[in-house]
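Colleague: Sharing a model that was predicted from the sequence below.
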Amino acid sequence: MQAEIGYTLDKNFRGKGYAAEALTKIIDYLMNDLNKHRIVALGPTNSDSIRLVERLGFRKEAHFIKSLFFPENGLMT
């Protein structure tokens, strides 16, 4: 089971540890209370956000230039 997280923080509150504290609690809740086995942070684009999720144990697995969706049976109609 997978969960996706994202966040936005007003520029006046950045760099104070609020995002790290909130994400740590959310990750703990998702893993321990909801039994999620995978948490995805899709596309943090600024260097501070990338460093934050990496510091919290996330790793970059892929970088998509464009997302494509295909039907399960592989047939386009």
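Modeller: Received it, and whenever you're ready, just let me know what you need.
Colleague: show me where pLDDT drops low in the protein?
Modeller: 43, 63-77 (pLDDT under 70).
Colleague: one more time with 80, if that's ok
Modeller: Filtered on pLDDT under 80, the chain yields the residue ranges 42-45, 61-77.
Colleague: Going by residue numbers, what spans are helices in it?
Modeller: Defined through DSSP state H, the helices belonging to the chain, from first to last, are 18-28, 47-55.
Colleague: what's the shortest one packed up against?
Modeller: Which is helix 47-55. helix 18-28 (3 or more CB pairs under 8 Å, 6 or more residues apart in numbering; DSSP states H and E). From N, CA and C alone the C-beta is placed, and that goes for glycine too.
Colleague: excluding its backbone neighbours, what's nearest the spatially most central residue of the chain?
Modeller: In the chain, the residue lying closest to the centroid (CA atoms, centre = their mean) is residue 41, at 1.1 Å. Distances taken as CB to CB, 6 or more residues apart in numbering place residue 53 nearest to residue 41, at 4.8 Å, with adjacent residues excluded.
Colleague: tally of neighbours for that neighbour?
Modeller: Residue neighbour count, defined by other CB atoms under 10 Å, stands at 20 for residue 53.
Colleague: Residue 2 versus residue 37, what's the distance?
Modeller: Distance of residue 37 to residue 2, computed by CB to CB, to the nearest Å: 7 Å.
Colleague: Would you map the strands across the protein?
Modeller: Along the chain, the stretches classed as strands by DSSP state E are 2-5, 38-41.
Colleague: which one of those is the most hemmed in?
Modeller: Greatest average neighbour count among those goes to strand 38-41 (a mean of 15), per mean count of other CB atoms under 10 Å.
Colleague: Neighbouring strands of it in the sheet, and parallel or not?
Modeller: Its sheet considered, strand 38-41 pairs with strand 2-5 (parallel) by DSSP bridges.
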